[in-house]
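Q: please work out how this folds:
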Amino acid sequence: MGDCCDSFSALPRGAPRALDSGWTFADVRYTPPVSHADWKSEFPFTPRFFDLDGHRYSYVDEGQGPVLLCVHGNPTWSFAWRGVISAFRDSHRVIAVDHIGCGRSDKPRDYEYRLARHVENLTRFVDGLGLENITLVAHDWGGCIGMGAAVARPDRFGRFILMNTAAFRSRRIPLRIAVCRIPGFGALAVRGLNGFSRAALTMAVERPLSPAARAGYLAPYDSWAHRIAVHEFVRDIPLSPAHRSYETLAEVEVGLVQFVDRPMLLPWGMRDWCFTPAFLREWRERFPKARTAEFADAGHYIFDDAGDRLIASMREFIDATR
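A: Reported below is the predicted structural model:
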């Protein structure tokens, strides 16, 4: 799981395989230089900070009312939820977190950047703020991390809105992500050249992002040191039982069944090459009562490709399950 790039396919058996449907390096479209002066106009929200053993865990907390807890993936940050925050803060308390190493959170060099730690951090955050009756809104890695927190605190979560994500095991990975895991080359490409975050600006969308949006997505990842979590998320994709996060992912997967009767909405960008429609099919198999909202013209960054329609589907779901 990783924003635009970390992928667990919905095929639990077989040897790990790299796959891409007809992709070539020509698909990496030129990304023009961006200004870092204008993105704050799209994201004017004041950051708050939650202490995690001396590390600052950044989050946005806007509005009053029922809680929408928004959890991002890789290589995004809470900026991805700017449209959701603006749309719902008049009727809800909208909270959007930044994982350690991401967004405006601290980016320590010596840190356990792995799934279990991210789940623990979010769980401690939920406990620390005393959040209850949460509607989880999650994307990419955020789905697994968010569902991990829900498995740990099932009584605190009431509804789920999960988009282009997974929280179950797989053995497939797209080629363009697999190359980012090659020792040495991966660090150079992801941390040195910022290739992962910059490629996502075109690969994760079906329509061009505005200059402000491009600047916003890149803003926290402006140096080798600040891209450590982006690289570690790529490295943390657990494809086999020997992987450091495989057991954690398995525990999250096993825990999903307890939510089978909870309200769930699955909005999906159907042109996502990373979390393909195969993931949506597996979610439907696991949660047959879930509602779906398919966006045929949207890619991985569904909140950019289909923002207004995504928000409309969320409103309809929330009103229907109030």
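Q: where does the stretch 1-150 of the chain dip in pLDDT?
A: 1-37 (pLDDT under 70).
Q: which residues in it form strands?
A: For the stretch 1-150 of the chain, the strands defined by DSSP state E, counting those that start in this stretch cover 17-19, 48-52, 55-62, 67-71, 93-97, 134-140.
Q: in TSV: the ones you listed, plus distance to residue 271 and mean neighbour count.
A: Heads up, the C-betas are built off the backbone N, CA and C, glycines and all. Below are the strands of the stretch 1-150 of the chain laid out as TSV (distance: least, C-beta to C-beta, whole Å; neighbours: other C-beta atoms under 10 Å):
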stretch	distance to residue 271	mean neighbour count
strand 17-19	16	14
strand 48-52	35	14
strand 55-62	28	20
strand 67-71	22	26
strand 93-97	25	25
strand 134-140	15	27
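Q: JSON lines please, covering those strands and showing distance to residue 212.
A: Shown next, in JSON lines, are those (distance: least, C-beta to C-beta, whole Å):
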{"stretch": "strand 17-19", "distance to residue 212": "34"}
{"stretch": "strand 48-52", "distance to residue 212": "23"}
{"stretch": "strand 55-62", "distance to residue 212": "17"}
{"stretch": "strand 67-71", "distance to residue 212": "20"}
{"stretch": "strand 93-97", "distance to residue 212": "18"}
{"stretch": "strand 134-140", "distance to residue 212": "20"}
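Q: what about stretch 70-84, distance to the chain center?
A: 7 Å (C-alpha atoms, centre = their mean, to the nearest Å).
Q: could you dump it to CSV, C-alpha only?
A: What follows is stretch 70-84, C-alpha atoms only, in CSV (Å, rounded to 0.1, in the frame of the first residue of the first chain):
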residue,chain,number,x,y,z
CYS,A,70,-9.0,10.9,7.4
VAL,A,71,-5.9,8.7,7.0
HIS,A,72,-3.6,9.2,4.0
GLY,A,73,-1.2,6.9,2.1
ASN,A,74,2.2,7.2,0.4
PRO,A,75,3.5,9.6,-0.9
THR,A,76,0.7,11.9,0.1
TRP,A,77,-0.2,13.6,3.4
SER,A,78,-3.2,15.3,4.9
PHE,A,79,-3.2,17.8,2.0
ALA,A,80,-4.9,15.0,0.0
TRP,A,81,-8.0,15.5,2.1
ARG,A,82,-8.3,19.3,1.5
GLY,A,83,-11.6,19.0,-0.4
VAL,A,84,-13.1,16.6,2.2
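Q: report the buried residues of it.
A: In terms of neighbour count (16 or more other C-beta atoms under 10 Å), stretch 70-84 has its buried residues at 70-82, 84.
Q: ok, now stretch 273-287?
A: 273, 274, 275, 276, 279, 280, 282, 283, 286, 287.
Q: between these, which is nearest residue 126?
A: The nearest member of these to residue 126, counting by C-beta to C-beta, is residue 287 at 21.5 Å.
Q: how near is that closest one to residue 257?
A: Residue 287 sits 9 Å away from residue 257, going by C-beta to C-beta, to the nearest Å.
Q: from residue 104, how far out is residue 198?
A: From residue 198 to residue 104 the distance is 20 Å (C-beta to C-beta).
Q: can you pull the phi/psi pair for the residue most central in space within the chain?
A: In the chain, the C-alpha nearest the mean C-alpha coordinate belongs to residue 73, at 2.2 Å (C-alpha atoms, centre = their mean). The phi/psi pair for residue 73 (degrees, to the nearest 10) reads phi -120, psi -140.
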